[in-house]
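S.K.: this one's sequence-less:
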DNA sequence: AACGATTGTGTTAAGGATAACTATTTGTTC
DNA sequence: GAACAAATAGTTATCCTTAACACAATCGTT
């Protein structure tokens, strides 16, 4: 009707071909086209190949909006993360994105900036974008979950990763933090260390609580006492690591190793130790957690625990897609626990050369 | 017909309310609802408030799929990056995501993995997701642009960021790499350095070519000769930086400063210098490029150039949205050039204490 | 008093894909 | 050879929102 208002469009605008175009050209109905493209049984092989050929010729791209609208199911997945910086989340997102694309899905990314209100808004945004499912790693401040319950009441699959709702009947992919701490502390013990300190994180966060548990477990295994003055609670930053280390090393009975629940904190501790004239690992061994990128470029390189970021992303997508394809029929909550990997590096290697895993992640 | 197979759905599935529901309840037509919600002039204030109230009561969320299908314009933006790791791209994506959300758009992220074929696929995926516009940072291997021309021929706004198509009639947001290199080299000169070497990157990439130009420009300004043996071409990795530095420092006439076009390479150079017994910055000053996270935690911390990641993301979105809203009417190609910021740190600070900017980026 | 302008609302037809239901032809079975 | 099943393709309604067009009522104007 209305004359399309492009009076002069230098790069001549071409409209994408639709099923109707193909149908017209072949003199068949749109249904036939639709079925042929989705390999429906009711279309003969001859017609199928004709349609496919024409579709390729015109480089037909299905309009996913239309498809999603009709089917009530889009090819979009939503993902909510606290932020996309540092090592961990970009890597997980990378894993998610790769796996999702392989399955023909696109991913919409939202950041909560560690804020519940923002997280709520993200949920709304994703719902109104009609995503087929949501993956979320909770903001630190999230203690109420009404926005997430709403997702489920919509019948939308929801999978948590890394930071999950604890003890609830939810689908989740998490790391076995306790195991990682256990491996790391055991390693320090194996290096001959006997007074192992722990730089702990905020204990209301389960990941840090579990890392502390693993540390304690390893000491118990070895028949060593858990000494209160050897555990310092920090916010896991570099300065606090340095401060804690300073206190320990200037005390009458300093530790001979430190297991930190985070790499930044471990770094601070290491730098402070060296500043005070202690050698790492000779005088005091150090291990961290998270396999931050910088742990391979410090001097010495820092022993740490890898969190399997990519695998976590892949597992999350796999679980979510299963739920989406099951279409609400399976609701046995599933928790996937990934095994962390200890990466032994220079900061914890005693002179006693022994067969250990010195492999670092390839990139 | 087929009995919906959820025999027992514990979390009772509620269907989202649609305009039709609101219309029925108020006894008006859907059009009225639609108009009231989009604040159309033809709806009376009384009716408007009634509709708004009801919409809020039922927490009505518009179905963006349907809206986008009808309007031919979705609230989705596509973004194609080589990868989402390291410092730069996550930060830019972060900036993009934040700015886009503020404007009511969601962002779909794709990775090309530095591969043209993948990039082509990404474009297809975004087109079929019916995004309203695309932001792209080219893969290194991209030399043909048919897939991107297709985007424009669809009438879809396209904005490049960081890695753009050179010399073409395109919209782009880039960093002034030459300026950054100029600032950095000038700073080394101001520190009293007179034999400044350059760790250069692959010269077929414009960013590295421009950084080299800036270096040369600064030397010229200072009336210094550009010596061939003081420029080494590398792939910008840590080992190659170390190798180059080794060669320089074992030569008869070693440089007293190194400007590296990348931080990793600068790091390698710095480590090698120290290994050879040279002190940084006293014997040889060093500066890098990119403001990678690790540059603040090495010892000494590394002087570098910040690439304004967040601003780049914001500017990219702003430009793209302008194009989207202009709806094909403005096609004057626009190039936005961001000014880099020199971050002076320990690796280049001579004993001559002078008033310089020692600020590092806060996080 | 009649007319156009203004205001407020309804009708209807897209937009592209798809699923339920129908209809036709061919092949199979007893 | 009649009945029935399988194979193949078409009709039509639907997903939800929006926009062009139509329509009715109120108002001011000449």
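M.R.: Looks like it arrived, so ask away. Quick caveat, the model's predicted, so the values are computed rather than measured. Numbering: from 1, shown residues only, chains lettered A, B, ... in the order given.

S.K.: What is the neighbour count of the residue lying closest to residue A:104 once chain neighbours are set aside?
M.R.: Nearest residue to residue A:104 in three dimensions, chain neighbours excluded: residue A:75, at 6.0 Å (C-beta to C-beta, 6 or more residues apart in numbering or on different chains). For every residue, glycine as well, the C-beta is placed using N, CA and C. Using other C-beta atoms under 10 Å in any protein chain shown, residue A:75 is surrounded by 20 other residues.

S.K.: what does the one 4 residues further on give?
M.R.: The number of residues packed near residue A:79 is 31, by other C-beta under 10 Å.

S.K.: So what sits opposite the closest residue to it other than its chain neighbours in the bridge?
M.R.: Leaving aside its chain neighbours, residue A:79 sits nearest to residue A:135 (4.7 Å; criterion: C-beta to C-beta, 6+ apart). Assessed by DSSP bridges, residue A:135 has beta-bridge partners residue A:79, residue A:159.

S.K.: pLDDT score assigned to residue A:135?
M.R.: If you check residue A:135, the pLDDT there is 97.

S.K.: From residue A:148, how far off is it?
M.R.: As judged by C-beta to C-beta, to the nearest Å, residue A:135 and residue A:148 stand 12 Å apart.

S.K.: repeat for residue A:173
M.R.: Applying C-beta to C-beta to residue A:173 and residue A:148 gives a distance of 16 Å.

S.K.: One more: residue A:205?
M.R.: Residue A:205 sits 18 Å away from residue A:148, taking C-beta to C-beta as the criterion.

S.K.: repeat for residue A:180
M.R.: Plainly put, residue A:180 is 27 Å away from residue A:148 if you go by C-beta to C-beta.

S.K.: what about stretch A:125-145, start to end distance?
M.R.: 16 Å (C-alpha to C-alpha, to the nearest Å).

S.K.: Now it: buried residues?
M.R.: A:125-139, A:142 (16 or more other C-beta atoms under 10 Å in any protein chain shown).

S.K.: from those, which ones fall inside strands?
M.R.: A:133-136 (DSSP state E).

S.K.: packing partners for the host helix or strand of residue A:107?
M.R.: Element membership of residue A:107, judged by DSSP states H and E, is strand A:106-111. Contacts defined by 3 or more C-beta pairs under 8 Å, 6 or more residues apart in numbering or on different chains; DSSP states H and E place strand A:106-111 against strand A:76-81, helix A:88-102, helix A:116-128, helix B:88-102, strand B:106-111.

S.K.: Comparing these, which comes out most buried?
M.R.: Greatest average neighbour count among the helices and strands packed on strand A:106-111 goes to strand A:76-81 (a mean of 26), per mean count of other C-beta atoms under 10 Å in any protein chain shown.

S.K.: still on that earlier bit, contacting residues around the strand holding residue A:107?
M.R.: Outside strand A:106-111, the residues that touch it by C-beta atoms under 8 Å, 6 or more residues apart in numbering or on different chains are A:75-84, A:93, A:96-97, A:100-101, A:118, A:122, A:125-126, A:129, A:131, B:76, B:93-94, B:97-98, B:101, B:106-110, B:125-126, B:129.

S.K.: Tell me which of residue A:180 and residue A:148 has more neighbours.
M.R.: residue A:180 (27 against 22).

S.K.: separation between the residue nearest to the more buried one when sequence neighbours are not counted and DNA strand D?
M.R.: What sits nearest to residue A:180 in space, not counting adjacent residues and going by C-beta to C-beta, 6+ apart, is residue A:340, at 3.5 Å. For residue A:340, the distance to DNA strand D equals 44 Å [C-beta to the nearest atom of the strand, to the nearest Å].

S.K.: How far off centre is the helix or strand of chain A at the bottom of the mean pLDDT ranking?
M.R.: Of all the helices and strands that make up chain A, helix A:146-153 has the lowest average by mean pLDDT, DSSP states H and E, namely a mean of 87. Centroid separation for helix A:146-153 versus its chain: 21 Å, with C-alpha atoms, centre = their mean, to the nearest Å.

S.K.: Could I get the full set of helices for the stretch 101-250 of chain A?
M.R.: A:116-128, A:146-153, A:177-190, A:206-221, A:238-249 (DSSP state H, counting those that start in this stretch).

S.K.: Let me have the ones you listed in TSV, extended by distance to residue B:253.
M.R.: TSV is the format used below for these (distance: least, C-beta to C-beta, whole Å):
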stretch	distance to residue B:253
helix A:116-128	57
helix A:146-153	66
helix A:177-190	47
helix A:206-221	53
helix A:238-249	39
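
S.K.: of the ones you listed, which approaches residue B:161 most closely?
M.R.: Nearest to residue B:161, of all the helices of the stretch 101-250 of chain A, is helix A:116-128, at 22.9 Å by C-beta to C-beta.

S.K.: same for that closest one, what does it pack against?
M.R.: strand A:76-81, strand A:106-111, strand A:133-136, helix A:146-153.

S.K.: rerun that using 10 Å as the cut-off
M.R.: strand A:76-81, strand A:106-111, strand A:133-136, helix A:146-153, helix B:64-71, helix B:88-102, strand B:106-111 (3 or more C-beta pairs under 10 Å, 6 or more residues apart in numbering or on different chains; DSSP states H and E).

S.K.: Now tabulate those in TSV and tack on distance to residue B:270.
M.R.: What follows is the helices and strands packed on helix A:116-128, written out as TSV (distance: least, C-beta to C-beta, whole Å):
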stretch	distance to residue B:270
strand A:76-81	33
strand A:106-111	34
strand A:133-136	40
helix A:146-153	47
helix B:64-71	50
helix B:88-102	20
strand B:106-111	31
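
S.K.: weakest of these by average pLDDT?
M.R.: When I compare the helices and strands packed on helix A:116-128, helix A:146-153 is least confident, with a mean of 87.

S.K.: which of the residues in it are buried?
M.R.: Under 16+ other C-beta under 10 Å, the buried positions of helix A:146-153 are A:147-148, A:150-152.

S.K.: which residues touch it?
M.R.: If you take C-beta atoms under 10 Å, 6 or more residues apart in numbering or on different chains as the criterion, helix A:146-153 is touched by A:78, A:80, A:116-117, A:119-124, A:126-127, A:131, A:133-134, A:136, A:138, A:142, A:145, A:156-158, A:160, A:165, A:168-170, A:331, B:9-14, B:59.
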